[in-house]
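# prediction below, plus the sequence it came from.
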Amino acid sequence: MYHITLIPGDGIGPEVADAARRVLDATGVQFYWDIRNAGESQISLYGSPLPDETLTSIENNRIALKGPITTPKGIGFRSVSVELRKKFDLFYLFTFQLPKTSLDSAFFEQLSPALFVSLLNMQ
């Protein structure tokens with residue numbers, strides 16, 4: 001059984017995270033989902049958008065699935081994604097996107113200065 005920290009996020013995050021979770025569960029591989037929160041709603045509870053218990057869960061499980069989380073523009077708090085990247089020295093982000101056109105896209109983003117690679121029309 002694989003233990004995974006699941007951070008549902010906010011806005012559309014919980015819906016996206018739940019869909020990803022259902023896809024992974026459908027593989028037949030057994031997962032234990034350690035559901036933790038992050039984002040603006042956590043500031044009033046923990047004084048931070050990224051609570052220590054969430055970080056501890058990621059450290060213990062060594063893997064996390066994070067849904068989208070709102071980041072205020074120019075005010076408020078630093079992006080949870082940026083905080084996670086810095087805390088765990090993450091290097092790459094991999095996402096699939098299905099735009100409104102018939103093109104499928106996959107994006108590989110190096111999370112260090114000045115490199116972004118996009119592969120389009122993956123089939």
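Nice, thanks for sending it over.
# mind listing what's buried in the lengthiest helix in the chain?
What stands out as the longest helix in the chain, according to DSSP state H, is helix 13-25. For helix 13-25, burial by neighbour count (16 or more other C-beta atoms under 10 Å) applies to 13, 16-17, 21, 24. Every C-beta, even on glycine, is put in place using the N, C-alpha and C of the backbone.
# figure out how far that helix is from the centre of its chain.
11 Å (C-alpha atoms, centre = their mean, to the nearest Å).
# again with stretch 9-27
Using C-alpha atoms, centre = their mean, the offset of stretch 9-27 from its chain centre is 11 Å.
# how about the CA coordinates for it, as CSV?
Taking C-alpha atoms only, stretch 9-27 is exported to CSV below (Å, rounded to 0.1, in the frame of the first residue of the first chain):
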residue,chain,number,x,y,z
GLY,A,9,-6.9,22.7,-2.6
ASP,A,10,-9.7,25.2,-3.0
GLY,A,11,-11.9,26.6,-5.8
ILE,A,12,-11.9,23.8,-8.4
GLY,A,13,-9.1,22.1,-6.5
PRO,A,14,-11.2,19.5,-4.6
GLU,A,15,-13.0,18.5,-7.8
VAL,A,16,-9.7,18.1,-9.7
ALA,A,17,-8.0,16.3,-6.9
ASP,A,18,-11.0,13.9,-6.5
ALA,A,19,-10.9,13.1,-10.2
ALA,A,20,-7.2,12.4,-10.0
ARG,A,21,-7.7,10.2,-6.9
ARG,A,22,-10.5,8.2,-8.7
VAL,A,23,-8.2,7.6,-11.7
LEU,A,24,-5.4,6.4,-9.4
ASP,A,25,-7.7,4.2,-7.3
ALA,A,26,-9.0,2.6,-10.6
THR,A,27,-5.5,1.3,-11.3
